[in-house]
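Trainee: what follows is a predicted structure for the sequence shown.
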Amino acid sequence: MPRHRSPYPPEFRQQIVDLHHAGRSTRDLAREFEPTEVTIRSWVDQADPTSAAHVASESERDELKHLRKENRRLQTERDILAKAAAWFARETGSIPSGPSSS
């Protein structure tokens with residue numbers, strides 16, 4: 001499937017971004033020109049190299065990858081412990097009263 005080509009040339013996008021940086025709101029620009037506010041905000045974010053949405057550093061990507069992996073591991077451990085507690089409660093015929101103290 002061919003990629004969709006943007007109907008707005010790069011020069012037009014840059015002019016809109018420049019107008020936004022000059023103080024015009026995305027709402028005013030969307031009313032005056034054809035692109036939507038969301039599209040204009042996207043162009044502004046893409047043009048700003050310091051934007052958080054632009055690019056994360058390599059160390060930030062590595063940390064995020066590590067944290068996601070650890071999160072999956074902890075969720076798995078929690079699920080196993082919950083199932084084990086339910087099994088022990090059924091086997092012993094007693095259900096602990098109240099929340100645990102841990």
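Mentor: Done, it's in. Small disclaimer: the values here were computed from a predicted structure and weren't measured.

Trainee: give me the below-cutoff pLDDT ranges for the chain.
Mentor: The model of the chain has pLDDT under 70 over residues 1-3, 5, 49-56, 95-102.

Trainee: kindly list the longest helix within it.
Mentor: helix 58-92 (DSSP state H).

Trainee: domains in this protein, by residue range?
Mentor: For the chain, the structural domains run 7-55, 56-92, going by automatic domain parsing.

Trainee: mind putting those in JSON lines, mean neighbour count included?
Mentor: From N, CA and C alone the C-beta is placed, and that goes for glycine too. Listed next are the domains of the chain as JSON lines, based on neighbours: other Cβ atoms under 10 Å:
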{"stretch": "domain 7-55", "mean neighbour count": "13"}
{"stretch": "domain 56-92", "mean neighbour count": "10"}
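
Trainee: centre of the chain to the longest helix of the chain, how far?
Mentor: Offset of helix 58-92 from its chain centre (Cα atoms, centre = their mean, to the nearest Å): 21 Å.
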